[in-house]
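Peer 1: Have a look at this fold, sequence not included:
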């Protein structure tokens, strides 16, 4: 697991980005434009084991013959906060920057989970987050959130609830429920918004919209 500096815009704002591999390969131009518009640097986290590193505990896979989710998020979060973040910010010459963690799908689940486990990130963005994950809403009820978390933005495609897999089809209901709980727990701003499209598609307009909500 490592990172790449997708943009090095001269600013004290940095966005740590965890994207599905097939999405991240085609985004360099879009990320450069977003970096300039929102005055931030993007750091892409790479080499992530999607099913294991981003899930908070063991759970069955969602499709036939899919391997179970590995539940290694705590290990990944420790490496992200204790190794990758300090190394990237040292390379960038940043001191006490404003940090955003942005994830999509399972990494969107991880971003919300991280917000309830660390105060490292002031802003958290979950795009099409897999908040249907087994037991996640119940877990959120038991957690407190650091006052250092200033903004949480949850964006979900309006068609995502039409998923054929029953667990995934609960995503809108669960996201709405979790958003309500986060609004009670967070001293900052929590936004939940339905947007046009299916599961994280289109992703770039959602990234842009989420960053706008943090302004």
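Peer 2: Cool, got the structure. The structure displayed is predicted, hence computed values, not measured ones.

Peer 1: Not counting the lengthiest helix in the chain itself, show me its contacts.
Peer 2: Taking DSSP state H as the criterion, the chain has its longest helix at helix 171-185. With CB atoms under 8 Å, 6 or more residues apart in numbering as the test, helix 171-185 has contacts from 112, 128-132, 136-137, 140-141, 143-145, 152, 154, 156, 160-161, 163, 190, 192, 194. To be clear about C-beta, it is placed using only N, CA and C from the backbone, and glycine gets the same treatment.

Peer 1: Residue 74 belongs to a helix, doesn't it?
Peer 2: Yes - Residue 74: assigned to a helix according to DSSP: H, G, I helix; E, B strand; the rest coil.

Peer 1: Quick one: neighbours of the nearest residue to residue 9 once chain neighbours are set aside, just the number.
Peer 2: Distances taken as CB to CB, 6 or more residues apart in numbering put residue 35 closest to residue 9, at 4.4 Å, once the chain neighbours are dropped. When neighbours are counted by other CB atoms under 10 Å, residue 35 registers 20.

Peer 1: can you check residue 32 too?
Peer 2: Residues near residue 32, counting by other CB under 10 Å: 14.

Peer 1: Next: the one 5 residues further on.
Peer 2: The burial count assigned to residue 37 is 12, neighbours taken as other CB under 10 Å.

Peer 1: going on from the helix or strand containing it, what's the next piece of helix or strand?
Peer 2: Assigned by DSSP states H and E, residue 37 falls within helix 28-38. Moving toward the C-terminus from helix 28-38, the next helix or strand (DSSP H and E) is strand 41-46.

Peer 1: what packs against that following strand?
Peer 2: Where contact means 3 or more CB pairs under 8 Å, 6 or more residues apart in numbering; DSSP states H and E, strand 41-46 is packed against strand 2-5, strand 13-18, helix 28-38.

Peer 1: Show me what the helix holding residue 37 is packed against.
Peer 2: strand 41-46, helix 203-213.

Peer 1: okay, the angle between that helix and strand 13-18?
Peer 2: Here helix 28-38 runs at an angle of 150 degrees relative to strand 13-18 (axes from the mean of the first three to the mean of the last three CA atoms, to 10 degrees).

Peer 1: how distant is stretch 31-51 from the center of its chain?
Peer 2: 11 Å (CA atoms, centre = their mean, to the nearest Å).

Peer 1: What's the local residue count around residue 207?
Peer 2: Number of residues near residue 207 (other CB under 10 Å) recorded here: 25.

Peer 1: State the distance from it to residue 23.
Peer 2: Separation of residue 207 from residue 23 (CB to CB, to the nearest Å): 10 Å.

Peer 1: Please apply the same query to residue 195.
Peer 2: Taking CB to CB, one finds residue 195 at 16 Å from residue 23.

Peer 1: give the contact list for the most centrally placed residue in the chain.
Peer 2: Geometric centre of the chain, nearest residue: residue 103, 2.5 Å, by CA atoms, centre = their mean. Residue 103 makes contact with 17-19, 54, 109-111, 125-127, 129 under the criterion CB under 8 Å, 6+ apart.
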